[in-house]
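>>> A predicted structure for the sequence below; I have some questions about it.
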Amino acid sequence: MAYLIQVTAHYLQQAEIEEAAPLCDAVISGMRRQDNHAAFASAADTLAARPALARTLGTPLARAMLARLNAARDAGDDLTAALIGAEAADCLVQLTLAGITRPAQLLGALDEATEDAAALPEPFAVRLPRLLGILDAHHPTAGLRDALERCLALDHTCRDAAFELALADLRQAIEHAGASTMAADLVQVRRRLAELLALDVLITSVVDTGLVLNMAKTSGVVGAV
């Protein structure tokens, strides 16, 4: 897939769009049907690095990528579908920030995906907070803070979600002209970072305890006690 994308991008530099139509159709079909995660990830990265080609592929490419993203929401135990959906979301974020695809559909899809965040496959869900944070920085009025708040409820997304919310609070504080308002926002930033630090300490403590117990079992100390 990645090689096909490279060939198509190169061919478009020398030929008319009509002449490259079969290659473009093959790229879109491949992004819609590719079932190998590594191949899809490589193809998505290659596309993101070639904005001119992505712009030429236009709406059909965006629809194909959104379909892969939406399929990940209901992937269940299908690890490959979940990972491919995450790669599609990442690629769409890059294309949206580059002004190639319209943000509305992606913003709506990611917000809708977090409405029942607990039902999302973990390999897909863990990628969402970072992507939501990036989009929130560029589209602060899109309501993505609510999506990040919903990610706080899950163990595998809470840390990244808390960090992205702290960054959002910091951006908001910097944008405020009033000293009192800025101070209140900075207090919120400090609170979120303190909670994140406390969570990291707790997780580290639990992991360290597990390692100690595992070492004790291995050495026979626990059995002796």
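Thanks, I have the structure now.

>>> surely Pro103 touches Leu135?
Yes: in this structure, Pro103 is within contact of Leu135 by C-beta atoms under 8 Å, at 7.4 Å. (C-beta placed from N, C-alpha, C; glycine too.)

>>> compare neighbour counts for the two and give me the winner.
Leu135 (23 against 17; other C-beta atoms under 10 Å).

>>> still on that earlier bit, shared neighbours of Pro103 and Leu135, anything?
By C-beta atoms under 8 Å, 6 or more residues apart in numbering, Pro103 and Leu135 have these common neighbours: Thr96, Ala142.

>>> got phi/psi on Arg127?
phi -90, psi -20 (degrees, to the nearest 10).

>>> for it, which non-adjacent residue is closest in space?
Ala86 (4.1 Å; C-beta to C-beta, 6 or more residues apart in numbering).

>>> so that neighbour is in which element?
Per DSSP states H and E: Ala86 is located in helix 79-97.

>>> and the angle from the helix or strand following that helix to helix 79-97?
Per DSSP H and E, the first helix or strand lying C-terminal to helix 79-97 is helix 103-113. Angle, helix 103-113 to helix 79-97, by axes from the mean of the first three to the mean of the last three C-alpha atoms, to 10 degrees: 140 degrees.

>>> contacts for helix 103-113 next, please.
Contact with helix 103-113 is made by 62, 66, 69-70, 73, 89, 92-93, 96, 120, 128, 131-132, 135, 139, 142-144, 146-147, as judged by C-beta under 8 Å, 6+ apart.

>>> hmm, the residue nearest to Arg127 is touching Pro129, no?
No: counting by C-beta under 8 Å, Pro129 is not a contact partner of Ala86; they are 11.8 Å apart.

>>> show me where the protein has helices.
2-12, 21-33, 37-48, 51-73, 79-97, 103-113, 122-125, 128-138, 144-151, 158-175, 179-219, 221-224 (DSSP state H).

>>> neighbours of the closest residue in space to Val7 that isn't next to it in sequence, just the number please.
Of all residues not flanking Val7 in the chain, Leu23 sits nearest, at 6.9 Å (C-beta to C-beta, 6+ apart). Using other C-beta under 10 Å as the criterion, Leu23 is surrounded by 19 other residues.

>>> for Leu23, give me its contacts.
Leu4, Val7, Thr8, Tyr11.

>>> out of everything not next to it in sequence, what's closest to the third one?
When the adjacent residues along the chain are set aside, Thr8 lies closest to Leu23, with 4.2 Å between them (C-beta to C-beta, 6+ apart).

>>> give me the pLDDT for that neighbour.
pLDDT, Leu23: 92.

>>> could you do Ala88 as well?
97.

>>> wait, it touches Asn70, no?
No: with contacts counted by C-beta under 8 Å, Ala88 stays clear of Asn70, the gap being 9.1 Å.

>>> those two: which is more packed in?
Ala88 (26 against 15).

>>> tell me the contacts of that one?
Contacts for Ala88 (C-beta under 8 Å, 6+ apart) come out as Met31, Phe40, Ala44, Met65, Leu66, Arg68, Leu69, Ala72.

>>> how about it: what's its closest non-neighbour residue?
Per C-beta to C-beta, 6+ apart, closest to Ala88 is Arg68, 3.9 Å.

>>> does that neighbour touch Met31 like I think?
Yes: at 7.4 Å, Arg68 and Met31 qualify as touching, with contact defined as C-beta under 8 Å.

>>> any common contacting residues for these two?
Phe40, Ala88.
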